[in-house]
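> whatever this is, show me its structure:
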Amino acid sequence: MRELCGTWPGMCFYAEVFGQVQDLKYGIIPGQYQIRIFDAWDGENWREEGWGFPYLVPDLYRGPYLEAEVRLWIDGKSQIYGADHLREGIVIQALPDRYEHIGRVKLKAVSSEYLSRAKG
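Numbers count the residues shown, from 1 in each chain. Predicted coordinates for the structure are as follows:
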C-alpha cells in the first residue's frame, strides 16, 4: 500500500481492506492484508478509471440501473478469488455521477450469501 500511495501522492483512495480482518480470509496469510479500490479522489475529481490503479474492484456491469441486473450480480462466486470464495457484494455507481443530499451516489449492495454465512 505504501507503493500505491507513493505512486499517487495526494490521492485519497476509497477501498476495502480484507484478509485477516474477518472470518473470510480469501487465502491471505496471517499478518497480511489486501485492498480493493472502489474510488479515488485527487482533490478535484473522482478518478477510479484510466489511471492504472492496481487493486480495482472488477467492473461486472455497465448500463442503466435495473433492479433485475443488481439481483443477477449481487450473489455468486468472487470475481477476485474464484469458485472457492463467495462474493461479498457489489458496488453500484450512478453514471454519470449523481449527487443527492447524502453526497455522491455510490453504494455497496451486500450479497445474501455473505449475510447468511455461518459466521455472518
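> low-confidence ranges in the chain?
120 (pLDDT under 70).
> remind me what the lengthiest helix in it packs against, helices and strands.
The longest helix of the chain (DSSP state H) is helix 67-74. Judged by 3 or more CB pairs under 8 Å, 6 or more residues apart in numbering; DSSP states H and E, the packing partners of helix 67-74 are strand 89-93, strand 106-110. C-beta: built from backbone N, CA, C; applies to glycine.
> what's the first helix or strand after it?
Under the assignment DSSP states H and E, the closest C-terminal helix or strand after helix 67-74 is strand 77-78.
> against which helices or strands is that next one packed?
When contacts are defined as 3+ CB pairs under 8 Å, 6+ apart, strand 77-78 packs onto strand 82-86.
> what residues of the strand it packs on count as buried?
Across strand 82-86, burial judged by 16 or more other CB atoms under 10 Å covers L86.
> partners of it, with directions?
Here strand 82-86 is paired, per DSSP bridges, with strand 77-78 (antiparallel).
> list the buried residues of the longest helix of the chain.
W73, I74.
> just the helices and strands packed on helix 67-74: most buried one?
strand 89-93 (a mean of 19; mean count of other CB atoms under 10 Å).
> neighbouring strands for that strand, and are they parallel or not?
Here, using DSSP bridges, strand 89-93 pairs with strand 106-110 (antiparallel).
> what's the partner strand in contact with?
F38, D39, V70, I74, E88, G89, I90, V91, I92, Q93, A94 (CB atoms under 8 Å, 6 or more residues apart in numbering).
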